[in-house]
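# give me coordinates for this.
(one chain, ligands or ions: 1)
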Amino acid sequence: LLIGVPAETIPGERRLSVMPDVVKKYQGLGAQVVIQSGSGQSAHLRDEMFADVQFASSGAEVCSTADVVLCVQPPSPELIAAMKPGSVLIGMLQPWSGAERAQQLMDKQITSFAMELLPRISRAQSMDVLSSQGAVAGYECALIAADHSPKFFPMLTYAAGTIRPAKVLVIGAGVAGLQAIATARRIGAMIEAYDVRPETREQIESLGAKFVDTGVTAAGTGGYARELTDEEKAKQAERLAKAVAQCDALITTAAIPGKRAPRIITADMVARMKPGAVIVDMAAESGGNVEGSVAGEKVWVGDVLVIGPTHIASRMPVHASEMYAKNLYNFLSPFIKDGALALDWEDEVMAGCCLTHAGELRHAGVKQVLG
Ligand code: NAD
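Next up, the predicted model:
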């Protein structure tokens, strides 16, 4: 079995899908590994750190020889075109927005696994890339907020008085939001947080933050939130408005799988924020939780700085890659037997995140969204 690792092709992506110790583990299972030369550079991984691997001079060379291709972001159409028919592709394939890519994968008879589709069950936690990369992103968003705030986050007593701690409001308390809360707390800010899933109250409070109760709850299926009705949105906005107006930094992380990110913060709410307040909209790339946020840009709205960071996990490529590479290994390794690939379609985790196989789109939810 030859496992291939091409360099990531999306500009700004700095992570890699393997690390040297994970490569050793694949080799221990009898697999061989081919890596595009120089592909680890952006994650500070030099070629000589990978022992006993083959190096290829291009991504196309990797893809044309590998039986299994590992990636972080979806490979370019050129790389997919180079893949062997019947080979396997594993990575964050952005299944919800990739109709053309899915078609190309079907046409090439590629068995693809989109790690975003992994069932969120206990057994799959060690493979959960949304959790590992969400934790990195949440941590980074808290740092971005602190870095751009014109105020200290912690309380500070100095010779001439005391600085009060900054108030940080976190909206969306999934993996990323909880990590943003924990990180901002460690820096010393006072935190309020809100999520539509009622079980998050306890999680928020266990991190020493205050839960903002809007009276709107919207637990959906699979542990995810559902979309709010217009009436619920209005009630949520009214109750959140006070907390938004009082905070020094606002971090938004709300998401609904397969849907545009919910718009929670209106332009009017931004206009009522304190001068010098900072907003970090983690959902900017998927439509934005905040009206006026722009993916990849920092925008001044009056005296409020609205940041729409992109490639957030790539800000910390070493640990993000380490976590991601282990997630992929934990997913793939049970299906490597005596150096050969033995996929098990009875396995609910494997079957659950299969995007395409044998020329068909396999995931019912994605099929519905892509039409
Ligand atoms: P996510 O990234 O899909 O969404 C982020 C958060 O936004 C969620 O907490 C969601 O409730 C919230 N949200 C959505 N709409 C909102 C709105 N209008 N207002 C406020 N908040 C809103 O979430 P995630 O971090 O991927 O976690 C989703 C679920 O998966 C959670 O229940 C989590 O506990 C569960 N989970 C399970 C496992 C596992 O068992 N393997 C691993 C990780 C997460």
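
# pull the contacting residues for residue 223.
120, 197 (CB atoms under 8 Å, 6 or more residues apart in numbering). Where you see a C-beta, it was placed from the backbone N, CA and C, and this is true even at glycine.

# how many other residues sit next to the residue of the chain found nearest the ligand?
Per CB to the nearest ligand atom, residue 174 is where the chain lies closest to the ligand, at 2.3 Å. Per other CB atoms under 10 Å, the neighbour tally for residue 174 reads 21.

# over to residue 230?
For residue 230, using other CB under 10 Å, the count is 7.

# these two touch, right, the residue of the chain closest to the ligand and residue 195?
Yes: the pair residue 174 / residue 195 is scored as a contact, 7.4 Å apart, by CB atoms under 8 Å.

# per-residue confidence at the nearest residue in space to residue 107 that is not next to it in sequence?
Using CB to CB, 6 or more residues apart in numbering and skipping residues adjacent in sequence, the residue nearest residue 107 is residue 359, 7.5 Å away. Looking at residue 359, its pLDDT is 96.

# could you show which parts of the protein are in contact with the ligand?
With CB under 6 Å from any ligand atom as the criterion, the chain meets the ligand at residues 120-122, 124-125, 128, 130-131, 134, 171-177, 194-197, 223-225, 228, 253-257, 262, 264.

# of those residues, which belong to strands?
When DSSP state E defines the strands, the subset of the residues of the chain next to the ligand inside them is 171, 194.

# one step back: which ones are touching the residue of the chain closest to the ligand?
134, 195, 253, 255.

# next, give me the two most distant ones among the residues you listed.
134 and 195 (13.6 Å; CB to CB).

# sort out for me which of the residues of the chain next to the ligand are in helices.
Filtering the residues of the chain next to the ligand for membership in helices, criterion DSSP state H, returns 130, 131, 134, 175, 176, 177.

# top of those residues by neighbour count?
Result: residue 176 is most packed of those (other CB under 10 Å), 30 neighbours.

# spit out the contact partners of that one.
Residues near residue 176 by CB under 8 Å, 6+ apart: 134, 135, 137, 138, 141, 253, 282.

# are any of the residues you listed buried, and which?
134, 135, 137, 138, 141, 253, 282 (16 or more other CB atoms under 10 Å).

# let me know whether the third one touches residue 316 as I believe.
No: with contact defined as CB under 8 Å, residue 137 does not reach residue 316; the gap is 9.1 Å.

# about what we covered before: same list, the contacts of residue 174, but as TSV with pLDDT and distance to residue 53 please.
TSV is the format used below for those (pLDDT from 0 to 100; distance: CB to CB, whole Å):
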residue	pLDDT	distance to residue 53
134	97	30
195	95	43
253	98	37
255	91	36
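
# and the two most separated of the buried ones among the contacts of residue 176?
The farthest-apart pair in the buried ones among the contacts of residue 176, when distances are taken by CB to CB, is 135 and 282, at 12.2 Å.

# which SS class is residue 14?
coil (DSSP: H, G, I helix; E, B strand; the rest coil).

# for PyMOL, what selects the buried ones among the residues of the chain next to the ligand?
PyMOL command restricting the residues of the chain next to the ligand to the buried ones, with burial defined by 16+ other CB under 10 Å:
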select buried, resi 124+128+130+131+134+171+172+173+174+175+176+177+194+195+196+197+224+225+228+253+254+255+256+257+262+264
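
# who touches stretch 345-362?
Under CB under 8 Å, 6+ apart, the answer for stretch 345-362 is 93, 95, 102, 105-107, 109-119, 121, 123-124, 127, 331, 334-335, 343-344, 363, 366-367, 370.

# now, of those residues, which are buried?
93, 95, 102, 105-106, 109-118, 124, 127, 331, 335, 363, 366, 370.

# strands - which of the residues you listed land there?
Those of the buried ones among the contacts of stretch 345-362 lying in strands (DSSP E): 111, 112, 113, 114.

# quick check, the last one in contact with residue 92.
Yes: here residue 114 reaches residue 92: they are 7.0 Å apart, a contact under CB under 8 Å.
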